[in-house]
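Visitor: fold the following.
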Amino acid sequence: MQTSRRSLIGLAALVLAVSGVSQWWAGRHTDLLGAQVAALAKPGDIRMLSSETCGFCTVARLWFTEQKVPFSECFIERDAACAAEFAANRAPGTPLLLVRGQPQLGFSPDRVKERLQAPA
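Guide: Predicted coordinates for the structure are as follows:
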């Protein structure tokens, strides 16, 4: 009985350690990626067409803000020009990111970085 209790405690400690390292690694990757995107992006490079009820838009907005990435945003419900641009891109949902004029549906910091690194 004592051995199995010790084994369970050891297993729990291992799971906690792996989880902690995993979270640290993910945070480190996010910070590194954010710094890279911030270094590549110039004002006007990233425009986000958003919806007021879009949770993914909120995630993208917070990420850009926290990582100090310059971007502009418009809301399709409030801005007729934004709604027209959204319709012209035939996007099925938001957020629609225009990265150096190229549309990207959804939010992926990795895809934003790839587009910013691509030749003009």
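
Visitor: which residue ranges form the strands in the protein?
Guide: Per DSSP state E, the chain carries strands over the ranges 46-50, 72-75, 96-99, 102-105.

Visitor: which strands or helices does the second one pack on?
Guide: Using 3 or more CB pairs under 8 Å, 6 or more residues apart in numbering; DSSP states H and E as the contact criterion, the neighbours of strand 72-75 among helices and strands are strand 46-50, helix 80-88. Yep, even glycine has a C-beta here, placed from its N, CA and C like the rest.

Visitor: hmm, try it at 7 Å
Guide: In terms of contacts (3 or more CB pairs under 7 Å, 6 or more residues apart in numbering; DSSP states H and E), strand 72-75 is packed against strand 46-50.

Visitor: for the strand it packs on, C-alpha coordinates in PDB please.
Guide: Output of strand 46-50 as PDB, limited to C-alpha atoms (Å, rounded to 0.1, in the frame of the first residue of the first chain):
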ATOM      1  CA  ILE A  46      -2.000  44.700 -40.600                       C
ATOM      2  CA  ARG A  47      -5.700  45.500 -40.800                       C
ATOM      3  CA  MET A  48      -8.200  43.500 -39.000                       C
ATOM      4  CA  LEU A  49     -11.800  43.400 -40.100                       C
ATOM      5  CA  SER A  50     -13.700  42.400 -37.000                       C
END
